[in-house]
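**Student:** Coordinates only, no sequence provided:
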């Protein structure tokens, strides 16, 4: 299959700008207008040192030429897997648009300054929840969680809530991004961007559905 260095492909399929993030921004902006909720929801797949895959839904909080960013608790299951195996895959599916995007790449933790800046934009109740929830650990009962929420709410009632040291973000630096669009009779469009490393230029190719 012919490999391209970027630029439109005139076979009637998905237009291919040189920068896949330009296409991604167009699609997610379209999704934000069409999806009833959480257009930025994505399935995040990770694997620990044992190689067993694990997947869950998270929210995308940033996307630009440097990668896709999401935030969570570093002490959670996903945090442990990302520490053991710094690679991940993500998948967006906008059912109302009949479009999907998936990507694979390497993982790096965002800087403390970047994590602090995003944490400061969260609602105060969400900030308190980050302190009160030892994510992914067994919970003896809902009352234990609610008691912790109440205690942190009192502690930070009159002050700003600092970011917990274990709460951070990760950036997926993609080496492969695929754009999928539904077509009649399952004759779907599939456009793939690939590169050898983060500094290499993108190449594009079409895949059979």
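**Tutor:** Here it is on my side, so go on. Keep in mind that what you see is a predicted model, and the values were worked out from it rather than measured. Numbers count the residues shown, from 1 in each chain.
**Student:** quick one: low-confidence parts of this structure?
**Tutor:** 1-12 (pLDDT under 70).
**Student:** Describe which strands the lengthiest strand in it pairs with in its sheet and in which direction.
**Tutor:** For the chain, the longest strand by residue count, based on DSSP state E, is strand 167-181. When pairing is defined by DSSP bridges, strand 167-181 lines up against strand 67-73 (antiparallel), strand 99-109 (antiparallel), strand 189-194 (antiparallel).
**Student:** Now residue 90: closest residue in space that isn't a chain neighbour?
**Tutor:** Nearest residue to residue 90 in three dimensions, chain neighbours excluded: residue 42, at 4.7 Å (Cβ to Cβ, 6 or more residues apart in numbering). Backbone N, C-alpha and C define where each C-beta goes, glycine included.
**Student:** Name the SS class of the one you found, please.
**Tutor:** Classification of residue 42 using DSSP: H, G, I helix; E, B strand; the rest coil returns strand.
**Student:** can I assume it is in contact with residue 56?
**Tutor:** No: if you go by Cβ atoms under 8 Å, residue 42 and residue 56 don't touch, sitting 10.0 Å apart.
**Student:** and these two? which has more neighbours close in?
**Tutor:** residue 42 (23 against 13; other Cβ atoms under 10 Å).
**Student:** Distance across stretch 158-171, terminal residue to terminal residue?
**Tutor:** 33 Å (Cα to Cα, to the nearest Å).
**Student:** Likewise for stretch 72-89?
**Tutor:** First-to-last residue span, stretch 72-89, Cα to Cα: 16 Å.
**Student:** again, but for stretch 198-209
**Tutor:** This stretch, stretch 198-209, spans 27 Å end to end (Cα to Cα).
**Student:** Report the buried residues of whichever strand or helix holds residue 81.
**Tutor:** Per DSSP states H and E, residue 81 falls inside helix 77-84. For helix 77-84, the neighbour count (16 or more other Cβ atoms under 10 Å) marks 77, 78, 79, 81, 82 as buried.
**Student:** Max pairwise distance over the residues you listed: which two?
**Tutor:** Across these, no pair lies farther apart than 77 and 82, at 9.7 Å, counting by Cβ to Cβ.
**Student:** What is the burial count for residue 121?
**Tutor:** Residue 121, neighbours per other Cβ under 10 Å, totals 9.
**Student:** show me where the protein has helices.
**Tutor:** All helices of the chain, identified by DSSP state H, fall at 20-34, 77-84, 112-119, 124-132, 142-155.
**Student:** list the contacts for the residue nearest to residue 77 when sequence neighbours are not counted?
**Tutor:** Spatial nearest neighbour of residue 77, excluding adjacent residues (Cβ to Cβ, 6+ apart): residue 136 at 4.4 Å. By Cβ atoms under 8 Å, 6 or more residues apart in numbering, the residues touching residue 136 are 73, 75, 76, 77, 78.
**Student:** about what we covered before: looking at the helices of the chain, which is nearest to residue 196?
**Tutor:** Comparison of the helices of the chain against residue 196 by Cβ to Cβ identifies helix 20-34 as nearest, at 14.9 Å.
**Student:** that older thread, residue 174: which of the contacts of residue 136 is nearest?
**Tutor:** residue 78 (17.9 Å).
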